[in-house]
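Chemist: Generate coordinates for the sequence data below:
(4 chains)
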Protein chains: 2
Amino acid sequence: MLNDSARLDLAFHALADPTRRGFVARLTRSPATVSELARPLRMSLPAVMQHLRLLEASGLIRSEKKGRVRTCRVEPKALAAAELWIGEQRALWEGRLDRFETYVEELKDRESRNG
Amino acid sequence: MLNDSARLDLAFHALADPTRRGFVARLTRSPATVSELARPLRMSLPAVMQHLRLLEASGLIRSEKKGRVRTCRVEPKALAAAELWIGEQRALWEGRLDRFETYVEELKDRESRNG
DNA sequence: GGAATCGTTAAGCACATGCTTAAGTATCGC
DNA sequence: GCGATACTTAAGCATGTGCTTAACGATTCC
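Modeler: Below you'll find the model as predicted:
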């Protein structure tokens, strides 16, 4: 089992590449197939596959295959975890723990409405 | 000159390592010297230096040398940029651009008070 | 059934990462 | 000045990343 730190490693690493951030950005708008994601890029399909595998391993996206088509969609929880870590640092930097707590509640609230 | 995407690459990559996140977390509390950062770790000083160099290149921290001591501190702007990107994705996922705009204003506001 | 479509696996290659040890340099305290 | 302190540089090494091409597998369409 993966601990929180290892999950953050994977999430941040996944986000550290413009192609992968592009996929996440594309998938936030709506789900898409592997070919749809690959089409605008000048990159071989296997390369796209590797990025998607990494994104899926990080928990940022999930995918499902029906027939010969694989459809991908975002999984907002991993994104929220990364945002939460950064938010925590800023809260501490700002020296306002109270504000951090309301921030966490806000995030949880959004998640429960959308996740 | 570095564009936004390249900056995000550097910032997320810097955050994708637990040692470096540890440094950022430590430095959010207060500035620290290289040795202070290295002390709790079982890692050679050159290894620590490399992490710090990367953190500084990413803009997440800055450092200054006085005499033989180098003191490091966080630079919250790069952190805010990373958080902003994630926040944007969530806003789009939630389908509420209006909410995103208030979120941006909120971030800018915090920055101007703290940066 | 055979061709086109969509995805997947495997192999390989150039380069980056994350450490190490060994050997510097620059300051500080006496 | 001289030893201790606080980095810093350089070299090297195992492993990981991000691509490629070539070949394979599984559906779908006619």
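Chemist: if I pick A:A78, what's in contact with it?
Modeler: Residues in contact with A:A78 (C-beta atoms under 8 Å, 6 or more residues apart in numbering or on different chains) are A:7, A:10-11, A:58-60. C-beta coordinates here come from the backbone N, C-alpha and C atoms, glycine included.
Chemist: Please repeat the previous calculation with a cut-off of 7 Å.
Modeler: A:A78 sits next to A:11, A:58-60 when contact means C-beta atoms under 7 Å, 6 or more residues apart in numbering or on different chains.
Chemist: In helices, which of these appear?
Modeler: A:A11 (DSSP state H).
Chemist: Using TSV, please lay out the contacts of A:A78 together with neighbour count and distance to B:M43.
Modeler: Listed next are these as TSV, based on neighbours: other C-beta atoms under 10 Å in any protein chain shown; distance: C-beta to C-beta, whole Å:
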residue	neighbour count	distance to B:M43
A:A11	26	23
A:S58	23	25
A:G59	17	28
A:L60	26	29
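Chemist: Is it possible to get a markdown table of the contacts of A:A78 that adds pLDDT?
Modeler: As requested, these are arranged in a markdown table below (pLDDT from 0 to 100):
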| residue | pLDDT |
| --- | --- |
| A:A11 | 97 |
| A:S58 | 96 |
| A:G59 | 95 |
| A:L60 | 96 |
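Chemist: Could you dump the contacts of A:A78 into CSV and include distance to A:H51?
Modeler: Shown next, in CSV, are these (distance: C-beta to C-beta, whole Å):
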residue, distance to A:H51
A:A11, 14
A:S58, 11
A:G59, 15
A:L60, 11
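Chemist: Residues contacting stretch A:6-20, please?
Modeler: With contact meaning C-beta under 7 Å, 6+ apart, stretch A:6-20 is reached by A:21, A:41, A:51, A:54-55, A:57-60, A:78, A:81-82, A:85, B:5, B:9, B:12-13, B:15-18, B:21.
Chemist: mind listing what's buried in it?
Modeler: A:7-17, A:20 (16 or more other C-beta atoms under 10 Å in any protein chain shown).
Chemist: Please apply the same query to stretch A:34-41.
Modeler: Those would be A:34, A:37-38, for stretch A:34-41 by 16+ other C-beta under 10 Å.
Chemist: cool, stretch A:55-72 as well?
Modeler: If you call a residue buried by 16+ other C-beta under 10 Å, then stretch A:55-72 has these buried ones: A:55, A:58-61, A:63, A:70, A:72.
Chemist: Compute the first-to-last residue distance for that stretch.
Modeler: 10 Å (C-alpha to C-alpha, to the nearest Å).
Chemist: From the chain's centroid, how far away is that stretch?
Modeler: 13 Å (C-alpha atoms, centre = their mean, to the nearest Å).
Chemist: Same check on stretch A:65-77?
Modeler: Using C-alpha atoms, centre = their mean, the mean C-alpha position of stretch A:65-77 is found 14 Å from that of the whole chain.
Chemist: what is the mean pLDDT for that stretch?
Modeler: Average pLDDT, stretch A:65-77: 94.
Chemist: rewinding a little: with distance to DNA strand D as extra columns, can I get the contacts of A:A78 in JSON lines?
Modeler: As requested, the contacts of A:A78 are exported to JSON lines (distance: C-beta to the nearest atom of the strand, whole Å):
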{"residue": "A:A11", "distance to DNA strand D": "13"}
{"residue": "A:S58", "distance to DNA strand D": "10"}
{"residue": "A:G59", "distance to DNA strand D": "15"}
{"residue": "A:L60", "distance to DNA strand D": "13"}
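Chemist: Quickly name whichever of the contacts of A:A78 is closest to chain B.
Modeler: Ranked by distance to chain B (C-beta to the nearest C-beta), these are led by A:A11 at 8.1 Å.
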